[in-house]
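Trainee: What shape does this take:
(one chain, ligands or ions: 1)
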Amino acid sequence: MSVLKERVFSGVQPTGNLHLGNYLGAISRFVALQERFECIYCVVDMHAITVPQDPEALTRQIREVAAAFIASGVDPKNHIIFNQSQVAEHAELAWVLNCVARMGWMNRMTQFKEKASKDRENASLGLYAYPTLMAADILVYRANAVPVGEDQKQHLELTRDIAQKFNNDFASSIARNGFGDTFFPLPEPLIQGTSTRVMSLRDGTKKMSKSDPSDYSRINLTDDADAIAQKVRKAKTDPEPIPETVEELANRPEAENLVGIFATLADKPREAVLAEFAGNQFSVFKSALVDIVVAKLGPIGAEMQRLVADPAYIDSVLVDGSDRARVIARQTMDAVKDIVGFVRART
Ligand code: TYM
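Mentor: Predicted structure coming up:
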């Protein structure tokens with residue numbers, strides 16, 4: 001077995017309202033990957049400003065995401081936690097990748113279409129270029145694997161296309177500079193587990209989202225037990241009891257979502273959850289769901305509160321993580337400059 005660990009990279013935007021979907025689809029997966037991989041987890045503050053942000057709130061939210069990583073169990077000593085804007089190489093590589101990515105590819109990005117919606121003329125250029133910055137985040141560490149929720153799949157496919165095109169366009173220079181036949185590995189999306197797409201508690205056909213105007217649509221990581229209980233009790237369901245088989249959850253999006261959340265938190269297959277609750281009304285199931293959500297998120301929320309009360313500690317984690325990330329990113333950027341043909345100082 002190789003002693004070299006493969007590298008994992010992922011990012012979360014500090015745009016407020018971190019929720020159960022972020023936790024189950026991404027952050028809890030980050031924790032699980034630490035044993036097998038060298039992990040780099042980033043608070044992507046430069047992505048956040050692609051839409052307007054209040055500066056004071058942004059600062060608070062950057063620390064809050066870092067606190068969520070730590071409170072969930074990411075180890076900032078053995079792995080790296082940092083915020084994107086402290087490592088300038090992300091923006092530097094993004095520029096080169098802007099010159100590799102094709103307009104046709106960018107025009108297909110559904111997240112831009114959703115976020116810019118009808119007011120496209122007024123969307124920022126940064127929002128349009130968002131996916132090339134995301135590709136730079138991953139490729140600047142030449143990461144092999146990227147744990148994300150289902151909604152990020154298209155961005156990861158684009159990242160692979162950009163990496164492939166760079167490898168092809170510069171093939172002879174890559175070889176001449178001693179990097180063999182490929183420079184960037186094609187990163188694997190890790191979209192795994194039973195909650196890759198957690199849905200809104202108000203509408204089982206819509207993704208649980210930070211930007212949903214209704215706070216009842218999501219469970220925030222900082223919600224207390226009362227808020228969690230209220231939101232779960234008010235969650236939309238249908239009049240049928242809990243079914244016996246997973247097949248019977250089809251066309252019952254709210255039931256399917258709640259059963260999926262329970263299964264992931266209990267670390268059981270959905271079949272086992274159905275076996276336990278089949279025939280029961282939702283009121284019974286919801287009480288058990290409140291208990292398990294409170295048991296899992298309660299300690300994380302409490303630890304987050306404790307950590308954000310000590311901003312000096314969080315900032316020291318982010319500075320230390322950035323210093324270590326920059327060493328890796330600088331090496332990639334120097335190599336990219338040589339491959340592209342830029343002139344640079346050599347030390
Ligand atoms: P963001 O900040 O929107 O979400 C962070 C992570 O949470 C996942 N997620 C969900 N998973 C399941 N169910 C949901 N309802 C749900 N909502 C969000 C997201 O898939 C994501 O994994 N573009 C990224 C941030 C980013 C990034 C990167 C990710 C920037 N650079 C490089 C990976 C690698 C984003 O907006 O995530």
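
Trainee: Okay, the residue in the stretch 51-200 of the chain that the ligand sits nearest to and Pro131: tell me how far apart.
Mentor: In the stretch 51-200 of the chain, the residue that lies nearest the ligand is Gly149 (2.4 Å; C-beta to the nearest ligand atom). Where you see a C-beta, it was placed from the backbone N, CA and C, and this is true even at glycine. Distance, Gly149 to Pro131, using C-beta to C-beta, to the nearest Å: 16 Å.

Trainee: between those two, who's got more neighbours?
Mentor: Per other C-beta atoms under 10 Å, whichever of Gly149 and Pro131 has more neighbours is Pro131, with 27 against 20.

Trainee: need the longest helix for this structure.
Mentor: Longest helix in the chain by number of residues (criterion: DSSP state H): helix 311-340.

Trainee: Now do the buried residues in that helix.
Mentor: 313-314, 317-318, 321-322, 325-326, 328-329, 332-336, 338-339 (16 or more other C-beta atoms under 10 Å).

Trainee: Mind jotting down where the strands sit in the stretch 101-250 of the chain?
Mentor: Using DSSP state E, counting those that start in this stretch, the strands of the stretch 101-250 of the chain run over 145-147, 188-190.

Trainee: Run through the neighbouring helices and strands of the first one.
Mentor: Packed against strand 145-147 by the contact rule (3 or more C-beta pairs under 8 Å, 6 or more residues apart in numbering; DSSP states H and E) you find strand 7-12, helix 28-33, strand 188-190.

Trainee: same deal with the last one?
Mentor: On a contact count with 3+ C-beta pairs under 8 Å, 6+ apart, strand 188-190 meets strand 145-147, helix 153-169.

Trainee: please redo it, this time with the cut-off set to 10 Å
Mentor: strand 7-12, helix 28-33, strand 145-147, helix 153-169 (3 or more C-beta pairs under 10 Å, 6 or more residues apart in numbering; DSSP states H and E).

Trainee: buried stuff in the longest one?
Mentor: Within helix 153-169, the residues that qualify as buried by neighbour count (16+ other C-beta under 10 Å) are His155, Leu156, Leu158, Thr159, Arg160, Asp161, Ile162, Ala163, Lys165, Phe166, Asn167.

Trainee: Contacts only, for the second one.
Mentor: Pointing back at Leu156 there. Leu156 makes contact with Pro131, Met134, Ala135, Ile138, Val146, Val148, Leu186, Pro187, Glu188, Pro189, Leu190, Ile191, according to C-beta atoms under 10 Å, 6 or more residues apart in numbering.

Trainee: of the residues you listed, closest to Met208?
Mentor: Closest approach to Met208 among the contacts of Leu156 (C-beta to C-beta): Val148, at 14.8 Å.

Trainee: which residues sit in contact with the closest one?
Mentor: Listed by C-beta under 10 Å, 6+ apart, the contact set of Val148 reads 10-12, 25-26, 29, 134, 155-156, 189-192, 196.

Trainee: Look up phi and psi at it.
Mentor: Dihedral pair for Val148: phi -150, psi 170, per degrees, to the nearest 10.

Trainee: domain assignment for the protein?
Mentor: 7-196+310-340, 215-306 (automatic domain parsing).

Trainee: I'd like these laid out as a markdown table, including mean pLDDT.
Mentor: Shown next, in a markdown table, are the domains of the chain (pLDDT from 0 to 100):
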| stretch | mean pLDDT |
| --- | --- |
| domain 7-196+310-340 | 97 |
| domain 215-306 | 97 |
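
Trainee: The nearest residue to Val293 once chain neighbours are set aside: neighbour count?
Mentor: If the residues on either side of it in the chain are set aside, Val293 comes closest to Ile228, at 5.2 Å by C-beta to C-beta, 6 or more residues apart in numbering. A count of neighbours around Ile228, defined by other C-beta under 10 Å, yields 21.

Trainee: And for the one 10 residues further on?
Mentor: Each residue near Asp238 was counted by other C-beta under 10 Å, and the total is 12.

Trainee: you'd agree it is up against Gln281?
Mentor: No. Using C-beta atoms under 10 Å as the test, Asp238 is too far from Gln281 to be in contact (11.1 Å).

Trainee: Contact residues of this structure facing the ligand?
Mentor: For the chain, the residues in contact with the ligand (C-beta under 6 Å from any ligand atom) are 9-13, 21-22, 25-26, 44, 47, 134, 137-138, 146, 148-149, 151-152, 155, 195-198, 207-208.

Trainee: re earlier: quick one, what contacts the residue of the stretch 51-200 of the chain closest to the ligand?
Mentor: So, once contact is read as C-beta under 10 Å, 6+ apart, Gly149 ends up touching 21-22, 24-26, 29, 191, 193, 195-198, 207-208.
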